[in-house]
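>>> Model the following, please.
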Amino acid sequence: MPDQDVTVEVIGGAEAMADLRRWADQLGPAVAAKGQTLGEQLAGRVRGKVPVLTGALADTAESTATPEGFTLQLGGDLPYAGWIEFGGSRGRPYVSEGRYLYPTAQEGEPEFLSLADDTADGRFSWSTPSAA
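As a prediction, this is how the structure comes out:
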């Protein structure tokens with residue numbers, strides 16, 4: 001093939017970048033808002049998994065809304081919460097990822113990804129590029 005000068009003109013690049021920025025600005029808060037409900041559900045699952053003697057530890061399982069979605073917490077200021085969650089002494093083997101909180105959050109990952117996908121699906125459209 002002989003050497004030829006080929007010119008490629010991209011039309012709509014600026015519009016596409018603006019669309020992507022607009023989508024990111026809209027999608028993050030929309031997913032975060034829907035994620036808060038999932039966070040509450042996951043906190044409920046954690047409450048159902050921790051061992052119960054008085055119920056104090058289970059009562060500390062909660063979800064807190066953040067701009068990115070939510071956080072899960074367990075233990076509050078209970079001095080024994082770490083031992084129940086991670087172990088490490090007195091005949092309770094140490095489990096680095098924990099027994100209740102992190103595994104439950106990991107189990108919820110497919111639900112969060114599906115929620116994000118559903119939130120984005122059909123929500124956005126491309127702008128019409130301007131001619132050069």
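>>> low-scoring stretches of this structure, by residue?
The chain contains residues with pLDDT under 70 at 1-2, 131-132.
>>> any chance you could map the strands in it?
Residue ranges of the strands in the chain, as given by DSSP state E, are 62-66, 69-73.
>>> From the contact counts, what lies against the first one?
What it means is strand 62-66. Using 3 or more CB pairs under 8 Å, 6 or more residues apart in numbering; DSSP states H and E as the contact test, the elements touching strand 62-66 are helix 13-49, strand 69-73. Glycine gets a C-beta too; all of them are placed from N, C-alpha and C.
>>> Output the ones you listed in JSON lines, with mean neighbour count and distance to Trp126 appended to each entry.
Shown next, in JSON lines, are the helices and strands packed on strand 62-66 (neighbours: other CB atoms under 10 Å; distance: least, CB to CB, whole Å):
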{"stretch": "helix 13-49", "mean neighbour count": "15", "distance to Trp126": "6"}
{"stretch": "strand 69-73", "mean neighbour count": "17", "distance to Trp126": "27"}
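>>> could I get these as CSV with distance to Phe86?
CSV is the format used below for the helices and strands packed on strand 62-66 (distance: least, CB to CB, whole Å):
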stretch, distance to Phe86
helix 13-49, 14
strand 69-73, 15
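>>> related to what we said a few turns ago, looking at the strands of the chain, which is nearest to Gly13?
Nearest to Gly13, of all the strands of the chain, is strand 69-73, at 31.2 Å by CB to CB.
>>> want to throw the strands of the chain into TSV with distance to Arg21?
Shown next, in TSV, are the strands of the chain (distance: least, CB to CB, whole Å):
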stretch	distance to Arg21
strand 62-66	22
strand 69-73	20
